[in-house]
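Participant: Sequence first, predicted coordinates after that:
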Amino acid sequence: MTAKQPILQIIDLHAKVEDKEILKGVNLTINGGEVHAIMGRNGSGKSTLSYTLMGHPRYQVTSGKMLYKGQEISEMSPDERAKLGLALAFQYPVAIPGVSVSNFLRATTKAVRGKEIPVKEFRQELKAQMAKLGVKDEFLSRYINDGFSGGEKKRIEILQLSLLKPALAILDETDSGLDIDALKTVSEGINALATPETGILLITHYQRLLNYVQPQFVHVFQDGQILKSGGPDLALELEERGYDWVQPSPAVAAK
């Protein structure tokens, strides 16, 4: 039997913003059914990795490869990547005055799926996902993230992901600004995304999210690269001892 192809392979990835190199040789492989957590200090390059994966125009790949199911995506636009099955939940979701939550979700779902969705079918699917995330009906007529609390913004982000059904979900500090109740609800939504065919990349500062969304792999990010990798216990050690104790894995130290 032929081995299944990884969902994502990042090979010696270097990227810069304007003239500053941020990513300095990232290597990472994510297979279906795997949850990977990336932890690191502010400014270590974690968010740059997420934006580079999604094709943000400010982030320029200078060398290395990003392979999605074996296909190089470095030259693809963000919408092309989204249609393939990549999705990003932002740390700071932006407000879009004048665009209702309902219209936004239907438009993005249609764009990614590449076909019109019957209104009745879409509303049934939407209402089912809203119930799981505790999103009230009144939000459908409100403008996207306009006046929303941090928890409300993150619920809408996860609601969008649940409709898009990405094969690779990238969550950039989704736990930022959440109280404990919102964290539990959002975590349940993230766990619902996890299937044997889906890969999840969690970017976070804190171990608390990992109490609810349990990764198989934890990676410590520092100075634009993965310094050390391990299992779930690595996150607990980071919580207890901080980042200063981390020593690079042999492969990283040999560079």
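Facilitator: Yes, it's here.

Participant: Please count neighbours and contacts with C-alpha atoms only from this point.
Facilitator: Fine.

Participant: Report the beta-bridge partner residues of residue 171.
Facilitator: When bridges are called by DSSP bridges, residue 171 pairs up with residue 89, residue 202.

Participant: Now for it: which residues touch it?
Facilitator: If a contact means CA atoms under 8 Å, 6 or more residues apart in numbering, then residue 171 has 88-91, 200-203 as its contacts.

Participant: What distance do you get for it to residue 185?
Facilitator: Spatial separation of residue 171 from residue 185 under the definition CA to CA, to the nearest Å is 15 Å.

Participant: quick one, helices of the stretch 1-150 of the chain?
Facilitator: Under the criterion DSSP state H, counting those that start in this stretch, helices of the stretch 1-150 of the chain are mapped to 46-54, 78-84, 101-113, 119-133, 150-164.

Participant: What helices and strands are in contact with the second one?
Facilitator: Put plainly, it is helix 78-84. Contacts of helix 78-84 with other secondary structure elements, assessed using 3 or more CA pairs under 8 Å, 6 or more residues apart in numbering; DSSP states H and E, are made with helix 46-54, helix 101-113.

Participant: Please identify the most buried of the ones you listed.
Facilitator: Per-stretch averages of neighbours, counted by mean count of other CA atoms under 10 Å, single out helix 46-54 among these, with a mean of 22.

Participant: gap between that helix and the chain center?
Facilitator: 9 Å (CA atoms, centre = their mean, to the nearest Å).

Participant: Can you name every helix or strand that that helix contacts?
Facilitator: Counting contacts by 3+ CA pairs under 8 Å, 6+ apart, the secondary-structure elements packed against helix 46-54 are strand 20-30, strand 35-40, strand 59-68, helix 78-84, strand 86-89, strand 168-172.

Participant: Now do the contacts for the residue nearest to residue 30 when sequence neighbours are not counted.
Facilitator: With CA to CA, 6 or more residues apart in numbering as the criterion, residue 30 has its nearest non-adjacent residue at 5.1 Å, and that residue is residue 8. Residues near residue 8 by CA under 8 Å, 6+ apart: 28-31, 66-70, 168.

Participant: hang on, the earlier thing: which of the contacts of residue 171 are buried?
Facilitator: 88-91, 200-203 (16 or more other CA atoms under 10 Å).

Participant: Can you report how many residues neighbour the nearest residue to residue 224 once chain neighbours are set aside?
Facilitator: Counting by CA to CA, 6+ apart, residue 23 is the residue found nearest to residue 224 once chain neighbours are left out, at 4.1 Å. Counted with other CA atoms under 10 Å, the burial measure for residue 23 works out to 28 neighbours.

Participant: try residue 119
Facilitator: Residue 119 has 10 neighbours, counted by other CA under 10 Å.

Participant: Over to the one 3 residues further on?
Facilitator: Here the number of neighbours of residue 122 (other CA under 10 Å) works out to 17.

Participant: Quick check: beta-bridge partners of residue 65?
Facilitator: With beta bridges defined as DSSP bridges, residue 65 has these partners: residue 11.

Participant: The nearest residue to residue 7 once chain neighbours are set aside: what's it in contact with?
Facilitator: Counting by CA to CA, 6+ apart, residue 69 is the residue found nearest to residue 7 once chain neighbours are left out, at 4.7 Å. Residue 69 makes contact with 5-9, according to CA under 8 Å, 6+ apart.
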